[in-house]
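Engineer: Requesting a structural model of the entry that follows:
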Amino acid sequence: MASGGSKSAAYILLILNLALYFIVTVIAAWAVNHGIQRSREAASVLSLPARIFPIYFPFGNMATGLFVIFSLLAGVVGMGTSLAGLHNVFQWDLPNLNAAAASSLITWALTLLAMGLACKEIDIGWKDSNLRTLEVMTIIVSATQLICTGAIHAGVEDAAWKRNRMVGRV
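Structural biologist: Prediction:
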């Protein structure tokens with residue numbers, strides 16, 4: 001089986017995802033901070049239902065609030081998963097690889113949710129250049145997280161096959 005290839009691919013992808021999730025987290029945290037600072041004066045001129053909407057952002061469009069919050073959540077969870085995944089892949093045994101595979105799959109699902117909101121925001125239009133950067137980074141990290149999840153799951157299959165071969169089962 002291909003344990004060396006999937007192990008090195010998982011390492012490289014986990015390090016790449018750690019950097020990408022860090023960038024997503026920084027941009028999303030800036031957007032949340034910017035939204036909190038400017039929302040009072042921007043929301044004061046709105047009509048009553050929009051003024052009490054809790055996820056209003058004074059820039060972007062109506063999908064921006066949910067997109068930024070889910071991108072921030074996906075970024076933080078992705079950084080934690082990447083750090084824990086590096087440790088688990090370094091061990092390269094079945095229990096650690098199963099933990100890395102489960103957390104990687106959950107992170108990918110959360111990143112897909114943020115990517116869906118990014119696609120919705122692109123579809124609605126009218127956004128800042130920083131939001132476009134966040135959208136692009138979210139879409140890229142969803143693809144790299146998918147490939148990383150596949151590499152870790154390949155390692156799980158390889159470790160399970162080796163364990164079953166040593167026990168005598170096929």
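Engineer: For the chain, which helix or strand comes out least confident on mean pLDDT?
Structural biologist: helix 48-51 (a mean of 57; mean pLDDT, DSSP states H and E).
Engineer: Identify the residues contacting Leu113.
Structural biologist: Applying CB atoms under 8 Å, 6 or more residues apart in numbering, we find Leu113 in contact with Phe70, Ala74. Heads up, the C-betas are built off the backbone N, CA and C, glycines and all.
Engineer: now swap in Ala114 and tell me
Structural biologist: Phe67, Phe70, Ser71, Leu73, Ala74, Thr138, Ser142.
Engineer: Would you mind writing the CA trace of stretch 83-100 as PDB?
Structural biologist: Provided in PDB are the C-alpha atoms of stretch 83-100 (Å, rounded to 0.1, in the frame of the first residue of the first chain):
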ATOM      1  CA  LEU A  83      -2.500  21.300  14.600                       C
ATOM      2  CA  ALA A  84      -4.000  18.100  16.100                       C
ATOM      3  CA  GLY A  85      -3.800  16.400  12.700                       C
ATOM      4  CA  LEU A  86      -0.100  17.100  12.500                       C
ATOM      5  CA  HIS A  87       0.400  15.400  15.800                       C
ATOM      6  CA  ASN A  88      -1.900  12.500  14.900                       C
ATOM      7  CA  VAL A  89      -0.300  11.900  11.500                       C
ATOM      8  CA  PHE A  90       3.100  12.000  13.100                       C
ATOM      9  CA  GLN A  91       2.100   9.000  15.300                       C
ATOM     10  CA  TRP A  92       0.700   7.200  12.200                       C
ATOM     11  CA  ASP A  93      -1.200   4.400  14.000                       C
ATOM     12  CA  LEU A  94      -4.800   3.400  13.600                       C
ATOM     13  CA  PRO A  95      -6.300   5.200  16.700                       C
ATOM     14  CA  ASN A  96      -4.600   8.500  16.000                       C
ATOM     15  CA  LEU A  97      -5.400   8.400  12.200                       C
ATOM     16  CA  ASN A  98      -9.000   7.700  13.000                       C
ATOM     17  CA  ALA A  99      -9.100  10.800  15.200                       C
ATOM     18  CA  ALA A 100      -7.400  12.800  12.500                       C
END
